[in-house]
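Novice: kindly return the folded structure for what I paste below:
(2 chains)
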There are 2 protein chains.
Amino acid sequence: MKISRKIDQAAKEDRVWWSFEYFPPRTAQGLQNLLDRIERMRALGPEFIDITWNAGGRTSELTSELVKTCQKLIGIETCMHLTCTGMPKEKVDTALREAKQHGCRNVLALRGDPPVGKEWEAVEGGFSYGVDLVRHIRTEYGDYFDVAVAGYPQTQNLPPEEAAREMEYLKGKVDAGATFIFTQMFYDIEMFIAWVKAARAAGITVPIVPGIMPIQTWNGFQKATSLAKITVPQFFLDELEPHKNNDEKVREIGIRLVATLCRQILSADIGIKGLHFYTMNLEKGCRMLLEELNLVPRVDVVKPLPWRQSLTPNRRTENIRPIFWANRTRSYLSRTENWDEYPNGRFGDSRSPAYGELDGYGIWIKQSKEDGLKLWDTPTTIEEIRGLFSKFCFGKLAALPWSDTAPSSETTVIAQQLAKLNELGFLTINSQPAVDGARSDDRVHGWGPSNGYVYQKAYLEFFVSPELLELLIPHIERDINITYYVINHRGDLRTNTHSDGPNAVTWGVFPGKEIVQPTIVEAISFMAWKDEAYELGRQWATFYEPESPSRKLIDDIMNTYSLVNVVHNDFKKADAIFQPFYKAGAEYAAKHAALNGAAN
Amino acid sequence: MKISRKIDQAAKEDRVWWSFEYFPPRTAQGLQNLLDRIERMRALGPEFIDITWNAGGRTSELTSELVKTCQKLIGIETCMHLTCTGMPKEKVDTALREAKQHGCRNVLALRGDPPVGKEWEAVEGGFSYGVDLVRHIRTEYGDYFDVAVAGYPQTQNLPPEEAAREMEYLKGKVDAGATFIFTQMFYDIEMFIAWVKAARAAGITVPIVPGIMPIQTWNGFQKATSLAKITVPQFFLDELEPHKNNDEKVREIGIRLVATLCRQILSADIGIKGLHFYTMNLEKGCRMLLEELNLVPRVDVVKPLPWRQSLTPNRRTENIRPIFWANRTRSYLSRTENWDEYPNGRFGDSRSPAYGELDGYGIWIKQSKEDGLKLWDTPTTIEEIRGLFSKFCFGKLAALPWSDTAPSSETTVIAQQLAKLNELGFLTINSQPAVDGARSDDRVHGWGPSNGYVYQKAYLEFFVSPELLELLIPHIERDINITYYVINHRGDLRTNTHSDGPNAVTWGVFPGKEIVQPTIVEAISFMAWKDEAYELGRQWATFYEPESPSRKLIDDIMNTYSLVNVVHNDFKKADAIFQPFYKAGAEYAAKHAALNGAAN
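Specialist: Below is the predicted model of the structure:
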């Protein structure tokens, strides 16, 4: 979505918003860390993020790559910087074409800094000024992109005529088609307010988004402000300098100073409701600053849906998925990549669900053999396997072959029950608790726009032995509210559902909207998921030597156990789904105790 | 839907079902009465109905017409009888073609009785036996229709070889493609069971549906049984005859006798779970019989959706409509008749909503001038108009120009509040109370399959004067959960909704299914409805002489009042929608009291 639309929307709703800026890191490990951080910082509720361009360095393609990952996997609206520095027209066009492919609708057009130690120089066939880049984007892409430009409130030491000329340049960029302005960092509120008023007086009417640089360390602060010749009010220095050798203290004072600056901006009656934070790829400073400002993320920014939505062009309207890949989003994205249309509103209305083959990207157990052995050791009995699953439920094991990450906060609500099930022999690989109309801003279960209510039917998915399954089914069938699918590795399906269609297991009701039902259970996708679920177990088995006890044990489970999913359709009875399992488990235990007794 | 599918489904769910047979009446008034009765008897939960064919009489086209009305307007699955008597092939084909057009999937193929006092004779180019008709339907229509045939359990007085020949005929009809069998009436359970067993022994495996004739009067009973030479057990006569001059008593005893027969059929272990009632177009006998049998209608048969679904072929999947036509179904059906596709799951996904023009069928006030004057008299003040609206809310006025029928049982839940609103000057023409998860079998609010939950957002639609509207809007806007649309007769629209899409105001959550959201509020259909709402008022005005006070009053309302719809999006706060109205009404009253005081 275009940032200008987001700004409009926030203005209509009269609310403060914020955004984060990141730069491409220099190493592969740095890249992974940054992506993890962007994903975590999403929970701080930025309306969008932007990624700087570093054409001079080794990292130019990295910007495109980062934009792609943020749009597609992290599902956060991203603005791409683009500079004239060292960029022939073809490179500019490649960058724009790729941005469009990834669903990015926002570009910040900059002249860019010269390479370190050199004068700025246009490359052959390139652009000389930001305004040329703006014009080029408008010519080539019409209205497709929001084009942002940079504004420089640092006017303190400029002669008036030069400041006026700068303002004319800015007006020129806006007239050429820029839709909003990001400003350079500043700490002097008077200067900033004066500059905004001058811009308005010059006929610049597009939104102005102030760039806020948190103060993270004394050295960093000094370097950044002196490099860009930023005016720093004396009281900043007076407060900070005494603690310049104490980073913690500098950050603490800095947070307070910058928070005051932010409050002054927001209350200055200059129509500004948004703050753009230069994160410097750091998390803590931003987090503390937002806390100091009491800026609480809106759930619908952090979680517009209960799962992470892809923002690539063809998937943007997708708002319903099978529950089976809940812990394997990448795999789902990959296996459905070639769908012509993504379901919106109902599952299976508009396309025949053809899932990609297992040899596609992502159908691999995430852990290396080394990591896997470290995590799961060498289990040789079914009890040890149950123990691993049970530990995972309690958050004492970081991953299972079926879950890359620890249980979500909403699963921990039922951690006790899940652990018990695993101890009884039901090896759970996916689940969700029942939710009967939690508010959409609920910390654990909430998602979607404010003032709504969200719901879930309780769901369980697990591997189970044939013997225990046969004890379980009669108990399940006694509860008319339970529907189930049982499948084995050969694909034999068994169910008590009468209808062919999907079962909505997560839905939300919001003011002024149709009902949203983002998660469903249904047969065809379960068949496709089944192959993957068994394959992940088989891959785990290969971590152990052929003929080794662990290899045999896990292979045996994959060859004989059924994969089962169970929905309790009465979402007002939170604990009812577990009852049949307890009963079947008790019967199983009694039977085996009797057998053991007889054998003794 | 094919009846055989319904029978299968009921068998799977192991439940008893029933159906009603009607015959085309001879007069126009009789026709209207029958349609009203079919609609009322729908509440008794018949799985389907069937309509006899009367080719010899004046009523042959009437069967087609009745099938059409039942499928399209009443929305009940209908089986059409078709006979060979007096039917050249072309007439048969016309009847079948029309049945298909109306979405009818079920035909009972009969030889038919000869015209009274004559021998049976095939017409030229017609069919001679039921089996010929079955073959013809299969040849011409393949699997499109379920074809039922008649079975005759009345074998008591037949020589064995003749009974065997009859069974062979029946087997022949089934082999020719019949999918199930309706039997003739009978009262002798032993004979019936023997006959069913003989049919099974003869290799007839299709479902057998016993025809049940309630005993309504002594004469009727005598006539029907003697005409068809039906064996009546002696104890029937012993019990009934002493009361033959007391219809009430005969019906009472008859109910008991026939109920016992039904229980014997259902418990006879011959695989029969359905009962087909020959209603003779009478209501009471059937109703009492079902009560005696404790057969309670399933809500999802009586109300699969909160509004009456059309069962014509192209509308069958339609499951979402705007709320505005809630009291004018015929008009909605007519105005959307030419849509290529009907929305299913979401509103506006698959078609651009183009509503037919106001000159189409149904955009007329239902009452004649005479009836209208009787109902609404000649109001000359706005207070009298408010009084009419208020009376209607309490069920003390049978209709308003905007509502053909008295308020529904669910509206009466909020009758007090609605009446108060009308007294305050908000002329309500449509509304629904908030419902927060009523069970789907709830007597007042329930609809859809069992074990589900249904929900509603509170809704109000009304005409209001400009002055009162301006007092109302600030109060409405103070509640963040209220969304509204205001429009005037010129079409100027005003709203506080931020989203363009529809607002779901009725939805249901059911085991194993996607969320169903059958009723929505949205702008485009409201614009289309607006023309109709104002037109109905204008037509009412024409009941009065030009220049008369009533004419001027109503015209004035239609020319100056706005039409407003209001949704309270928090369905957990049942009464919240009314608060802004009370406040605005009080302000209005205070203001006018002050004005009057100043004037005095």
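
Novice: get me the contact residues on the stretch 101-250 of chain A for chain B.
Specialist: By the rule C-beta under 8 Å from any C-beta of the partner chain, no part of the stretch 101-250 of chain A lies against chain B. Bear in mind the C-beta positions are built from the backbone N, C-alpha and C, glycine included.

Novice: residue boundaries of the helices in the stretch 101-250 of chain A?
Specialist: Taking DSSP state H, counting those that start in this stretch to define them, one finds helices in the stretch 101-250 of chain A at A:130-141, A:160-175, A:189-201, A:218-227, A:234-240, A:247-266.

Novice: ranking the ones you listed by burial, who's on top?
Specialist: helix A:130-141 (a mean of 20; mean count of other C-beta atoms under 10 Å in any protein chain shown).

Novice: compute the inter-axis angle for that one and helix A:160-175.
Specialist: 10 degrees (axes from the mean of the first three to the mean of the last three C-alpha atoms, to 10 degrees).

Novice: which other residues reach helix A:130-141?
Specialist: A:82-84, A:89, A:92-93, A:96, A:100, A:107, A:109-111, A:127, A:145, A:147, A:149-150, A:169, A:172-173, A:176-178 (C-beta atoms under 8 Å, 6 or more residues apart in numbering or on different chains).

Novice: I'd like to know which of those residues are buried.
Specialist: A:82-84, A:92, A:96, A:107, A:109-111, A:127, A:145, A:147, A:149-150, A:169, A:172-173, A:176-178 (16 or more other C-beta atoms under 10 Å in any protein chain shown).

Novice: if we can go back for a sec, would you turn the helices of the stretch 101-250 of chain A into a markdown table with distance to A:Asp531?
Specialist: Putting these into a markdown table (distance: least, C-beta to C-beta, whole Å) gives the following:
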| stretch | distance to A:Asp531 |
| --- | --- |
| helix A:130-141 | 42 |
| helix A:160-175 | 54 |
| helix A:189-201 | 59 |
| helix A:218-227 | 51 |
| helix A:234-240 | 60 |
| helix A:247-266 | 50 |
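
Novice: out of those helices, point me to the one whose mean pLDDT is lowest.
Specialist: In terms of average pLDDT, helix A:218-227 trails the rest of those, at a mean of 91.

Novice: and the residue nearest the centre of chain A, what does it touch?
Specialist: Centroid-nearest residue in chain A: A:Ile74, 3.4 Å away (criterion: C-alpha atoms, centre = their mean). By C-beta under 8 Å, 6+ apart, A:Ile74 lies in contact with A:Leu35, A:Ile38, A:Glu39, A:Arg42, A:Arg308.

Novice: in strands only, show me the buried ones among the contacts of helix A:130-141.
Specialist: A:Leu82, A:Thr83, A:Val107, A:Ala109, A:Leu110, A:Val147, A:Val149, A:Ala150 (DSSP state E).

Novice: which parts of chain A sit against chain B?
Specialist: Checking chain A against chain B by C-beta under 8 Å from any C-beta, the hits are A:9, A:12-13, A:344-347, A:349, A:436-437, A:451, A:453, A:455, A:480-481, A:483, A:497-499, A:501-504, A:507, A:509-515, A:517, A:520, A:567, A:569-572.

Novice: and those residues, which of them are in strands?
Specialist: Short answer: these in strands (DSSP E) are A:Asp436, A:Gly437, A:Tyr453, A:Tyr455, A:Thr483, A:Asn503, A:Ala504, A:Trp507, A:Val509, A:Gln517, A:Ile520, A:Val567.

Novice: wait, the fifth one sits on A:Thr495?
Specialist: Yes. Applying C-beta atoms under 8 Å as the test, A:Thr483 and A:Thr495 come out as touching, 7.3 Å apart.

Novice: list the buried residues of stretch A:537-545.
Specialist: Here stretch A:537-545 shows A:Gly537, A:Arg538, A:Gln539, A:Trp540, A:Ala541, A:Phe543, A:Tyr544 as buried, counting by 16+ other C-beta under 10 Å.

Novice: pLDDT score assigned to the fifth one?
Specialist: This points to A:Ala541. Confidence score, pLDDT, at A:Ala541: 96.

Novice: tell me how far it lies from A:Lys573.
Specialist: A:Ala541 sits 38 Å away from A:Lys573, going by C-beta to C-beta, to the nearest Å.

Novice: same question for the second one.
Specialist: Relative to A:Lys573, A:Arg538 is positioned 37 Å away (criterion: C-beta to C-beta).

Novice: and the residue nearest to A:Lys273 when sequence neighbours are not counted, what pLDDT?
Specialist: Of all residues not flanking A:Lys273 in the chain, A:Val16 sits nearest, at 5.3 Å (C-beta to C-beta, 6 or more residues apart in numbering or on different chains). At A:Val16, the model reports a pLDDT of 96.

Novice: contacts for stretch A:368-380?
Specialist: By C-beta under 8 Å, 6+ apart, the residues outside stretch A:368-380 that reach it are A:365, A:367, A:384-385, A:387-388, A:397-401, A:540, A:543-544, A:548-550, A:553-554.

Novice: out of everything not next to it in sequence, what's closest to the residue of the stretch 151-300 of chain A found nearest chain B?
Specialist: Nearest residue of the stretch 151-300 of chain A to chain B (C-beta to the nearest C-beta) works out as A:Asp300 at 12.2 Å. Counting by C-beta to C-beta, 6+ apart, A:Asp300 lies nearest to A:Pro449, which is 4.6 Å off, once chain neighbours are set aside.

Novice: for that neighbour, helix, strand, or coil?
Specialist: coil (DSSP: H, G, I helix; E, B strand; the rest coil).
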